[in-house]
Structures are given as structure tokens and as C-alpha cells.
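[1] Sequence and computational prediction follow.
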Amino acid sequence: MKKSMKKIIIATDFSENSDSALAYATTLAKQFKAELLVVHVYFPMVPLDPNLAYDTIAPSTLQEEMIKSYERQLEGITDTLKEKHIKAESEMIIGSLSSSIAEFAKNKKADLIIVGKTTDSSFFDRLIGSTASSVINSTSVPVLIVPADSDKPSFNNIIYGTELESEEKDVLRKVFKLAKELDSKITLIKINADFELNVQDDEQMLKDIQEGFSKEKFAFEAIKADNVSEGLLNSAHKHKADLLVVAHHHHSFLSEFINSGKSKEIIAKTDIPLLVYDIEA
């Protein structure tokens, strides 16, 4: 069977919040014998303190020293990875985070992008939530968002949040393959909310999935909730999920999930690693 992942991008800001993301990247690289591409993106035109004016930006000489420091840190990470017998390279990119990572992933033909997130609700946490959503909307490459306290990578129990629509079949195929490669148990969960518009009949679509993926072992649950995002998170906690997976759909799961403030909310609040697939990829 062809492996799902050959090249994995891990975006780091060198903080403790990136350590868990790096741990997941390391685990997956070993599992898939994949190459790790360690990336740091620096955007010098934006002041580090949002309260500062643009004319307070550090002089170019100081920025050059900062970039050299970042490059040394990147080399340190890749050296450590190589000591663990993981193929790794680093890349220092100057530019905006989401577009730079998306372009780098496209050029490198990456199979996965991994980013970390903080566990507090500070301004910077909300900023990271916004950035993660921006990365997701900028690329067709799957994005794994790893909370800072997820320091013990595990993939025993995967929850996939489904809308039971035909457009999901390609994503489901990828999720089932991933679950098989990771030897994971998988549960499909459909959250039914009052505002939700069903494009297709759920029972018929579930039957189609069961017939189309007859060789796959999975459980299914339909759950009533007031809010799709909160309902999915609560269900993932109930099942003690190691990984929560959703499909990025511009028109449904959800305009409230990925393309609005709700997506930032769930990214900021989840303490479960979140894997997002592009439904049209």
C-alpha cells in the first residue's frame, strides 16, 4: 500500500507551544518514513506588539540578526531530527504566514502541514486560531493543529465529523486509509443541529458509505446538538478521541466551522489534535 505521507511540513515559532506539534510530526515521520520540512515564517513588516506603531519596527540590522538566530534554531531542530534517523531539512521564509506556508507546501508537494497552538485565551491565542483558519483556507493540503498540551502523540481513536454528503467520499477514503495505516479505531459522528440543511438523505448516504466502504470497520453515531462545533467537540471528548478529523467545505461543514468566527473558536478551545482535509482536494 502506498503511504499517505512522504513529506510533512512542521511550522514552528520556537516556543513551547511548538514542541507538541514537533512531537506529532516526529511520530508521524517515523510511522510513514516521511521527510520532515521544518519551517519558520518571519514577517518583518508587522510589529511584534500590536499596540506599537509601524515606525517602531526594528532596524534592518537587528532584523538580520533575528533571521540568523532563527536559522540557527532551525538547524538545531533538524540536527536533532537527523540524530533520530529522520530525514529533515529546514526553511526560513520571509513573508506572511498563511500564504507562505501554502506556497511552500505546494512547491514541495507536501502531504501534511502541522501547526501548534497555545492553550490559553490570550490575544496571541486568538491570533493563532485566526492564522490556523487562514492556513486552512489557503491550501488544499491537510492541516493538523496540535494543542500545546498534547505532548504524547497517540492515534488509537479517531473521530470523523461527517455531514453525510457525497462530496465527502474522497475525504472518507483518505481517512479510512490513514486509520488503517495508524491502526486506529474510527467513529463517524453526524451532528444534527436545528439550523442544519440536509442536502442529501442521511439514511441513504450512510447506506452508500457502508456499501462503498464495505471492507472498512467503523462505528457511526448521529447526535442532536444546538451547535455543530460544540456538539462535535463534546462527542470527541465523550469518546476520548486522540484525533478529531473534519472536512473543509466552503459551503457546509461548515461555513460556521471553517469560514467564520466559529472555526477560530473551536481551534482556540479544542484540546484534541484537529486534522482538517480539503473536501475538494
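    On my side now, so go ahead.
[2] where do the helices sit along the stretch 101-250 of the chain?
    Under the criterion DSSP state H, counting those that start in this stretch, the stretch 101-250 of the chain contains helices at 123-138, 169-181, 202-212, 228-238.
[3] The last one packs against which elements?
    It refers to helix 228-238. For helix 228-238, the elements it packs on are strand 157-162, strand 185-192, strand 219-224, strand 243-248, helix 261-269, judged by 3 or more C-beta pairs under 8 Å, 6 or more residues apart in numbering; DSSP states H and E. C-betas here are computed from N, CA, C, even on glycine.
[4] Let me see the mean pLDDT of it.
    Helix 228-238 shows a mean pLDDT of 91.
[5] What angle do strand 157-162 and that helix make with each other?
    Relative orientation of helix 228-238 and strand 157-162, computed by axes from the mean of the first three to the mean of the last three C-alpha atoms, to 10 degrees: 160 degrees.
[6] Can you pull the domain assignment for this protein?
    Using automatic domain parsing, the domain parsing of the chain gives 7-147, 157-278.
[7] Mean neighbour count added to those domains, as TSV?
    Output for the domains of the chain, formatted as TSV (neighbours: other C-beta atoms under 10 Å):
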stretch	mean neighbour count
domain 7-147	17
domain 157-278	18
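[8] ok, residue 168 - contacts?
    162, 247, 279 (C-beta atoms under 8 Å, 6 or more residues apart in numbering).
[9] can you list these in JSON lines and add distance to residue 90 and pLDDT?
    Below are these laid out as JSON lines (distance: C-beta to C-beta, whole Å; pLDDT from 0 to 100):
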{"residue": "162", "distance to residue 90": "37", "pLDDT": "90"}
{"residue": "247", "distance to residue 90": "31", "pLDDT": "86"}
{"residue": "279", "distance to residue 90": "31", "pLDDT": "80"}
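[10] possible to save the residues you listed as a markdown table with distance to residue 18?
    Below are these laid out as a markdown table (distance: C-beta to C-beta, whole Å):
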| residue | distance to residue 18 |
| --- | --- |
| 162 | 31 |
| 247 | 26 |
| 279 | 28 |
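[11] For the closest residue to residue 109 other than its chain neighbours, give the beta-bridge partners.
    Leaving aside its chain neighbours, residue 109 sits nearest to residue 7 (6.5 Å; criterion: C-beta to C-beta, 6 or more residues apart in numbering). Under DSSP bridges, the beta-bridge partners of residue 7 are residue 35.
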